[in-house]
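Student: Predicted structure and sequence below. I'll ask about it afterward.
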Amino acid sequence: MKKILLAMSGGVDSSVAALLLQKQGFSVLGAYMRLKSDYAEGERAARLVAEKLGIKFYPLNISQKFKQDVMDYFVDSYKDGITPNPCVRCNKLIKFGELLRVKEDMGADYLATGHYVQIKKDNKEINLCRAVDRNKDQSYFLYNLTQDQLKQIIFPLGGYTKYEIKKIAEKNNLPNIKTESQDVCFLLDEGKIVEHNEYLKNHIKANPGQIMTLDGKTIGKHQGLYFYTRGQRKGIEIGGTGPYYAASMDYAKNILYVVKDPDDPALFGNEFFINNTNWILNRIKFPVHCEVAIRYRHKAVACVVEPIDSGNYKVILKKPERAITPGQSAVFYAGDTVLGGGEICV
């Protein structure tokens with residue numbers, strides 16, 4: 001019987017994944033990652049599922065690495081003037097980087113997670129593809145996976161809808177945490193959601209500066225450029241006028257430039273560059289015509305990707321897109337297949 005290490009969170013997805021893997025004939029080992037100090041509820045729920053299904057259960061203390069590689073990166077990125085994607089980094093370094101190592105240490109044959117994504121094999125390579133449930137699809141976050149890693153991974157939920165997974169949990173009376181997980185899991189304090197900017201205020205010193213229109217008129221003050229992302233409306237509080245949208249940030253002069261029209265050309269771009277790239281498929285030939293998603297849940301749009309030098313590429317969009325944001329991930333698709341991705345740098 002093949003052994004498989006399953007990442008368990010205590011939520012409905014990983015709980016049902018454990019059941020499905022058992023039914024497929026795997027000997028399942030459950031691993032709960034202690035990422036933050038408030039792990040007790042999740043670990044308790046995951047342990048209950050393991051006990052119900054007769055699964056060996058292993059809590060893993062990864063909090064220090066999670067803090068260094070994900071939480072500190074999140075804050076440091078804002079200090080550097082970019083908008084980070086902590087979930088992409090966590091999947092690369094923690095959920096797969098660490099758990100694949102643990103899989104080897106435990107002598108398991110495969111690693112499984114509760115991600116909504118599919119693996120499809122052809123005669124040449126392994127393809128990472130969108131999930132059947134498009135609303136829950138998480139392929140955007142997994143573009144850093146490699147062919148060698150995909151050989152070792154199983155995604156049991158990719159062919160199901162969230163509704164079907166909940167029904168399976170109910171039918172089998174699986175214990176699980178009822179609340180949905182947060183997009184940024186560490187923006188929680190004792191179970192309560194911490195507002196994004198409040199979290200940053202606690203980790204980055206305020207640095208007030210001027211808010212100006214593109215024609216140079218000063219119309220207000222900001223408390224720190226790290227609060228703003230291109231295209232953002234929330235938080236630009238200028239009494240008596242507005243609304244305003246963040247168009248650009250001048251970090252050298254500490255000026256936030258804004259526009260009033262949400263469709264102002266200053267908010268749009270038709271090309272950008274990416275670095276820190278990973279291409280899942282070796283058969284890609286450049287320049288490649290494909291589609292790109294420039295943020296999670298963004299509708300993928302037509303583009304051409306051209307290489308510049310090692311690891312750096314230029315992306316040319318068929319039509320201008322709004323709020324192309326440095327630090328976010330650009331993920332490339334051919335139909336439902338993930339080609340790869342990288343970090344937007346301009």
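Tutor: Yep, it's here.
Student: Quick one: the helices in the stretch 101-250 of the chain, in order.
Tutor: 147-150, 162-171, 196-201 (DSSP state H, counting those that start in this stretch).
Student: Least confident of these, on average?
Tutor: Note on the helices of the stretch 101-250 of the chain: helix 196-201 shows the lowest mean pLDDT, a mean of 86.
Student: Just the C-alphas of it, formatted as CSV.
Tutor: Written as CSV, here are the backbone C-alpha positions of helix 196-201 (Å, rounded to 0.1, in the frame of the first residue of the first chain):
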residue,chain,number,x,y,z
HIS,A,196,-4.7,45.0,6.4
ASN,A,197,-3.4,48.5,7.0
GLU,A,198,-3.8,48.1,10.8
TYR,A,199,-1.4,45.2,10.6
LEU,A,200,1.1,47.3,8.6
LYS,A,201,0.8,50.2,11.1
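Student: buried ones in it?
Tutor: By neighbour count on 16 or more other Cβ atoms under 10 Å, the buried set for helix 196-201 is N197, Y199, L200. The way it works is simple: take the backbone N, C-alpha and C, and place the C-beta from them, glycine included.
Student: Tell me where this structure is predicted with low confidence.
Tutor: Within the chain, the stretches with pLDDT under 70 are 177-182, 189-191, 346.
Student: List the contacts of stretch 148-165.
Tutor: Residues outside stretch 148-165 that contact it (Cβ atoms under 8 Å, 6 or more residues apart in numbering) are 4, 12-13, 16-17, 20-21, 24, 96, 100, 103, 109-119, 126, 128-129, 131-133, 135-136, 145, 168, 280.
Student: which of these count as buried?
Tutor: 4, 12-13, 16-17, 20-21, 96, 100, 103, 110-118, 126, 128-129, 131-133, 136, 145, 168, 280.
Student: In strands, which of these fall?
Tutor: I4, Y110, L111, A112, Q118, I126, L128, C129 (DSSP state E).
Student: For the residues you listed, could you give me CSV that also reports distance to I62?
Tutor: Shown next, in CSV, are these (distance: Cβ to Cβ, whole Å):
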residue, distance to I62
I4, 19
Y110, 20
L111, 15
A112, 17
Q118, 27
I126, 26
L128, 24
C129, 28
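Student: Closest one of the residues you listed to Q64?
Tutor: L111 (21.4 Å; Cβ to Cβ).
Student: and the closest one, what does it touch?
Tutor: I4, L5, L6, A7, F96, L99, L100, K103, Q152, I153, I154.
Student: list the contacts for the fourth one?
Tutor: Contacts of A7 were listed using Cβ under 8 Å, 6+ apart, and they are S14, A31, M33, K95, L99, L111, A112, T113, G114.
Student: how does it look with 7 Å?
Tutor: For A7, the contact set (Cβ atoms under 7 Å, 6 or more residues apart in numbering) comprises S14, A31, M33, K95, L99, T113.
Student: Farthest pair within those residues?
Tutor: Among these, S14 and L99 lie farthest apart (Cβ to Cβ), at 12.1 Å.
Student: more neighbours, these two?
Tutor: S14 (26 against 22; other Cβ atoms under 10 Å).
Student: Against D261, how distant is that one?
Tutor: 45 Å (Cβ to Cβ, to the nearest Å).
Student: returning to that earlier point: which two of the contacts of L111 have the greatest separation?
Tutor: Farthest pair in these, by Cβ to Cβ: I4 and F96, 14.4 Å.
Student: center of this structure - which residue?
Tutor: Geometric centre of the chain, nearest residue: C87, 3.3 Å, by Cα atoms, centre = their mean.
Student: From what I see, that one and Y143 are in contact.
Tutor: No: contact criterion Cβ atoms under 7 Å: C87 and Y143 do not qualify, at 11.7 Å.
Student: mind checking how far A45 is from G10?
Tutor: Following Cβ to Cβ, the distance that separates A45 from G10 is 3 Å.
Student: Also L174?
Tutor: In terms of Cβ to Cβ, L174 sits 11 Å off from G10.
Student: Okay, domains of this protein per the record?
Tutor: 3-189, 206-262, 267-344 (automatic domain parsing).
Student: Centre of the chain to the longest one, how far?
Tutor: This points to domain 3-189. A distance of 12 Å separates the C-alpha centroid of domain 3-189 from that of its chain, computed with Cα atoms, centre = their mean, to the nearest Å.
Student: With the shortest one instead?
Tutor: Put simply, domain 206-262 sits 27 Å off its chain's centre (Cα atoms, centre = their mean).
Student: Same check on stretch 260-277?
Tutor: 20 Å.
Student: And it, end to end?
Tutor: 35 Å (Cα to Cα, to the nearest Å).
Student: Can I get stretch 206-220 in PDB? Just the C-alpha atoms.
Tutor: Only the C-alpha atoms of stretch 206-220 are listed here, as PDB (Å, rounded to 0.1, in the frame of the first residue of the first chain):
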ATOM      1  CA  ALA A 206       4.400  56.000   9.800                       C
ATOM      2  CA  ASN A 207       6.000  58.300   7.100                       C
ATOM      3  CA  PRO A 208       3.500  61.100   6.200                       C
ATOM      4  CA  GLY A 209       3.700  62.900   2.900                       C
ATOM      5  CA  GLN A 210       1.800  64.800   0.300                       C
ATOM      6  CA  ILE A 211      -1.100  63.600  -1.900                       C
ATOM      7  CA  MET A 212      -1.000  65.300  -5.300                       C
ATOM      8  CA  THR A 213      -2.800  65.200  -8.600                       C
ATOM      9  CA  LEU A 214      -0.900  64.400 -11.700                       C
ATOM     10  CA  ASP A 215      -0.800  68.100 -12.600                       C
ATOM     11  CA  GLY A 216       1.100  68.800  -9.400                       C
ATOM     12  CA  LYS A 217      -1.700  70.200  -7.200                       C
ATOM     13  CA  THR A 218      -1.400  69.200  -3.500                       C
ATOM     14  CA  ILE A 219      -4.800  68.100  -2.200                       C
ATOM     15  CA  GLY A 220      -4.000  66.200   1.100                       C
END
